[in-house]
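Chemist: return atomic coordinates for the entry below.
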Amino acid sequence: YPGTLIDSLWFIFTNTEKLKNWTASETLFRFQDFENDITIAVHGSQVSSAIVTILKNFKNRHSLAQLPLLLMTAILVITVLFLLSMMVSILVKHRENDTSLLKSRGAGVFKVCRLYIIEALILTGTAALVSPFLAIGIVAISGFTPGLMPTGNSDWMPVALHPIPFIITAFSCLLCLIIY
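Modeler: Residues are numbered from 1 along each chain as shown. Have a look, this model is predicted:
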């Protein structure tokens, strides 16, 4: 009745099978939205749900767990780019003799550049065609390694063809062409 003060406690049981179809951020958003709706509809109410706290803690731990992987990846990319630039500088020094030999035999700057561009396109094109499939194959085979066995049995890791490896390969090949 209006004006009556009560202290009520609600228990709401959810279908956990439907929760499995939601992402963690979607579940957090929906539960927070539910809490806000109850708070607005019932003046003076306070809603607390353990799942919101659990999901917030999970997001924090998940972010911290990805930090070492991100740092390792950054170190790996910097190392590869450094080695690539060193290899290109060594290649340029060794090509000075070839370039001067071609120029002394009548080849112009345009012909020499065209020769090196064709060579670079063949090298990066071959790498662009092979590397995504090689990476997917290595990931699939990694299920047979003892440290990465998902179920304790030796089995292929589940992989799927996504455009991301091809985009990364295209970006890497473009970067190699620019450095070359």
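Chemist: figure out how far the lengthiest helix in the chain is from the centre of its chain.
Modeler: Assignment by DSSP state H gives helix 50-104 as the longest helix of the chain. From the chain centre to the centre of helix 50-104 is a distance of 13 Å (CA atoms, centre = their mean, to the nearest Å).
Chemist: what's that helix packed up against?
Modeler: helix 24-41, helix 109-141, helix 163-179 (3 or more CB pairs under 8 Å, 6 or more residues apart in numbering; DSSP states H and E). Quick note: C-beta positions are derived from backbone N, CA and C, even for glycine.
Chemist: okay, the angle between the shortest one and helix 109-141?
Modeler: What separates the directions of helix 163-179 and helix 109-141 is an angle of 150 degrees, with axes from the mean of the first three to the mean of the last three CA atoms, to 10 degrees.
Chemist: what's helix 163-179 in contact with?
Modeler: With CB atoms under 8 Å, 6 or more residues apart in numbering as the contact definition, helix 163-179 has outside contacts at 81, 84-85, 88, 120-121, 123-125, 127-128, 131-132, 135-136.
Chemist: please apply the same query to the first one.
Modeler: Contact partners of helix 24-41, identified using CB under 8 Å, 6+ apart, comprise 19, 22, 45-47, 49, 51-52, 55-56, 58-59, 62.
Chemist: taking these together, which two end up most distant?
Modeler: Greatest spatial distance among the contacts of helix 24-41 (CB to CB): Ser45 and His62, at 30.9 Å.
Chemist: by mean pLDDT, point me to the weakest helix or strand of the protein.
Modeler: Across the helices and strands of the chain, mean confidence by mean pLDDT, DSSP states H and E is lowest for helix 16-19: a mean of 80.
Chemist: got the contact list for it?
Modeler: Thr27.
Chemist: from Ala24, how far off is Asn60?
Modeler: Taking CB to CB, to the nearest Å as the measure, Asn60 falls 11 Å from Ala24.
Chemist: which one's more surrounded, those two?
Modeler: Using other CB atoms under 10 Å, the more surrounded residue of Asn60 and Ala24 is Ala24, with 13 against 10.
Chemist: low-confidence ranges in this structure?
Modeler: 1-4, 147-154 (pLDDT under 70).
Chemist: now the contacts of helix 24-41 in TSV, with distance to Ile6 and neighbour count?
Modeler: As requested, those are exported to TSV (distance: CB to CB, whole Å; neighbours: other CB atoms under 10 Å):
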residue	distance to Ile6	neighbour count
Leu19	30	13
Trp22	33	13
Ser45	11	12
Gln46	13	8
Val47	15	15
Ser49	20	14
Ile51	25	13
Val52	24	16
Leu55	30	18
Lys56	30	13
Phe58	34	14
Lys59	35	13
His62	40	10
